[in-house]
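**Q** Provide a 3D model corresponding to the input given below.
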Amino acid sequence: MNDMPERSGEIRHRALRLLMALIPGLAHLRQGHTHAGLSLLGLALSMITVSIFANERIQATFTAGRLDYWVALLTLAVTLGLTWVVSGVSSRHRLDARVGGSQWAIAWLGFKQNRVAMLGLYLMIALYLATLLGPFLTGYEPSVIGDIAATRHLPPSVEHLMGTDKFGRDVFTRVLYGARISLSIGFIAVTISITLGTAIGAVSGYFGGAVDTVLMRLVDTLISFPRLVLLITVIALFEPSLLIVIVVLGFTLWPSTARIVRGEVLSLREREFILAARALGLNSPRIILRHIVPNVLGPVIVAATLGLGNIILIEAGLSYLGFSVPLPTPTWGNIINDGREAMLQAWWVTTFPGLAIVITVVAFNLVGDGLRDALDPRLRT
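**A** Model prediction:
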């Protein structure tokens, strides 16, 4: 009889461990880590909800043979898997970001304490997930035109969450698919500009002299041109396409990053560890790649995050003017342009893509500001 309470307690303990293993975030909540637990639990529930409501479209992935469907299915599976993996690993091995931890761990702790920056991060994650899961979130096609007389300029409703445009196309679907273009252009163009700017800034600051003079005069020349006029001129010389827009944006927005990196390298090249590397006989490329570039990653990451929002705004402006991705591919800019003629009668056509641009740019700027504060040792308390 005395064994009964012990056995029931053991059964409850095993059941609780099973629940914590099956439900992401439950272990964190039990340990008192409410923020991480609710985040993992909310993400898992969101993916499960999408799986339930998009069951037919998920099954159609295996018969339709469309790449975007497979991307959405892979995103759904990977996200669900990562929630369980991260939940299990992080609940057993909590990251120690106290004094004495790595600089990146300390920066992450400082970033997490900034609630506004975390809000921006959540918005960023939600935007990218919605973009990748687009085919599972809507039952309409972005460019298919149906019965225009019956479906044009329908107001927002349960059937059309953001209404329809002048051709009867679902605005919510077009905003989702337009996010792919805007976010893809922003991500790839920022990668190009940050890579190029970091390389030129590091070389300019490290070697100095004539090399620094030539490269910085090139930077000054590019910055002196009106950016929008320069972009329109270059794009107008070629047939507008996704590749041309990415290349032009990536190769015209690097000067600001080059200036930031050069300023950091000018102070780093006189530090003791760089002088020691030179004394050991290491060549310049190795010193730049192994010792200088890793030490300027903080400002570069901040510049990249803030630059994403800037590039999205520029691309939207180019799309509105007709100098970006050609129709009928939806982008936030050309969706707004389509609705400008009926802005008063069909306000939703321009309002919702405009709000998408605002929310996206604000999210990236909030994350960039949070990273800047977290990576600056002078602002740590």
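**Q** excluding chain neighbours, what is closest to the residue nearest in space to the middle of the chain?
**A** By C-alpha atoms, centre = their mean, the chain has its centre lying nearest to residue 124, at 5.4 Å. With sequence-adjacent residues excluded and distances taken as C-beta to C-beta, 6 or more residues apart in numbering, residue 124 is closest to residue 363, at 5.0 Å. Heads up, the C-betas are built off the backbone N, CA and C, glycines and all.
**Q** what residues are up against the one you found?
**A** By C-beta atoms under 8 Å, 6 or more residues apart in numbering, the contact set of residue 363 is 119-121, 123-124, 127, 309.
**Q** okay, these in a markdown table with distance to residue 177, pLDDT and secondary structure next?
**A** Shown next, in a markdown table, are those (distance: C-beta to C-beta, whole Å; pLDDT from 0 to 100; DSSP: H, G, I helix; E, B strand; the rest coil):
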| residue | distance to residue 177 | pLDDT | secondary structure |
| --- | --- | --- | --- |
| 119 | 25 | 89 | helix |
| 120 | 23 | 89 | helix |
| 121 | 24 | 89 | helix |
| 123 | 19 | 90 | helix |
| 124 | 19 | 88 | helix |
| 127 | 13 | 89 | helix |
| 309 | 20 | 83 | helix |
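**Q** circling back: now the residue nearest to the centre of the chain: how far from residue 109?
**A** 19 Å (C-beta to C-beta, to the nearest Å).
**Q** ok, residue 259 next?
**A** Distance from residue 259 to residue 109, by C-beta to C-beta: 30 Å.
**Q** between these two, which is the more surrounded one?
**A** residue 259 (20 against 16; other C-beta atoms under 10 Å).
**Q** my understanding was that the more buried one contacts residue 219; is that so?
**A** Yes. With contact defined as C-beta atoms under 8 Å, residue 259 counts as touching residue 219 (6.3 Å).
**Q** model confidence for residue 311, exactly?
**A** pLDDT, residue 311: 85.
**Q** cool, residue 172 as well?
**A** pLDDT, read off for residue 172, is 91.
**Q** what residues sit buried inside the lengthiest helix in the chain?
**A** Longest helix in the chain by number of residues (criterion: DSSP state H): helix 171-207. The neighbour-count check on helix 171-207 (16 or more other C-beta atoms under 10 Å) flags 171-183, 185-186, 188-190, 192-194, 196-206 as buried.
**Q** can you list the weak-confidence ranges in the stretch 51-200 of the chain?
**A** When residues are selected by pLDDT under 70, those of the stretch 51-200 of the chain lie in 88-104.
**Q** which residues in it form helices?
**A** 55-64, 67-92, 103-112, 115-132, 134-137, 148-151, 171-207 (DSSP state H, counting those that start in this stretch).
**Q** and the ones you listed as CSV, adding distance to residue 369?
**A** Listed next are the helices of the stretch 51-200 of the chain as CSV, based on distance: least, C-beta to C-beta, whole Å:
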stretch, distance to residue 369
helix 55-64, 38
helix 67-92, 25
helix 103-112, 10
helix 115-132, 7
helix 134-137, 29
helix 148-151, 42
helix 171-207, 17
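**Q** what's the first helix or strand after the longest helix of the chain?
**A** The element immediately downstream of helix 171-207 (helix or strand, assigned by DSSP states H and E) is helix 209-224.
**Q** what angle separates that following helix from helix 171-207?
**A** When axes from the mean of the first three to the mean of the last three C-alpha atoms, to 10 degrees is applied, the directions of helix 209-224 and helix 171-207 differ by 150 degrees.
**Q** now helix 209-224 - C-alpha only, CSV.
**A** Coordinates of each C-alpha in helix 209-224 appear next as CSV, following Å, rounded to 0.1, in the frame of the first residue of the first chain:
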residue,chain,number,x,y,z
GLY,A,209,47.9,55.7,-48.7
ALA,A,210,47.2,55.8,-52.4
VAL,A,211,44.9,52.7,-52.2
ASP,A,212,42.7,54.5,-49.5
THR,A,213,42.7,57.7,-51.5
VAL,A,214,41.5,56.1,-54.8
LEU,A,215,38.9,53.9,-53.2
MET,A,216,37.4,56.6,-51.0
ARG,A,217,37.2,59.0,-53.9
LEU,A,218,35.3,56.3,-55.8
VAL,A,219,33.0,56.1,-52.8
ASP,A,220,32.5,59.9,-52.7
THR,A,221,31.7,59.9,-56.4
LEU,A,222,29.0,57.3,-56.1
ILE,A,223,27.5,58.9,-53.0
SER,A,224,27.4,62.3,-54.7
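**Q** next one: it to chain centre, how far?
**A** The chain centroid and the centroid of helix 209-224 are separated by 31 Å under C-alpha atoms, centre = their mean, to the nearest Å.
**Q** which helices and strands does it pack with?
**A** helix 171-207, helix 255-268 (3 or more C-beta pairs under 8 Å, 6 or more residues apart in numbering; DSSP states H and E).
**Q** buried residues, the strand or helix carrying residue 373. List them.
**A** Here residue 373 sits within helix 348-375, counting by DSSP H and E. Buried residues in helix 348-375, defined by neighbour count with 16+ other C-beta under 10 Å: 348-353, 356-357, 360-361, 363-375.
**Q** same thing with stretch 271-291?
**A** Buried residues in stretch 271-291 (16+ other C-beta under 10 Å): 274, 277, 287-288, 291.
**Q** go on, stretch 334-342?
**A** Those would be 334-339, for stretch 334-342 by 16+ other C-beta under 10 Å.
**Q** what's in contact with it?
**A** 153, 165-166, 171, 174-175, 178, 316, 319-320, 322, 324-325, 327, 346, 348-350, 353-354.
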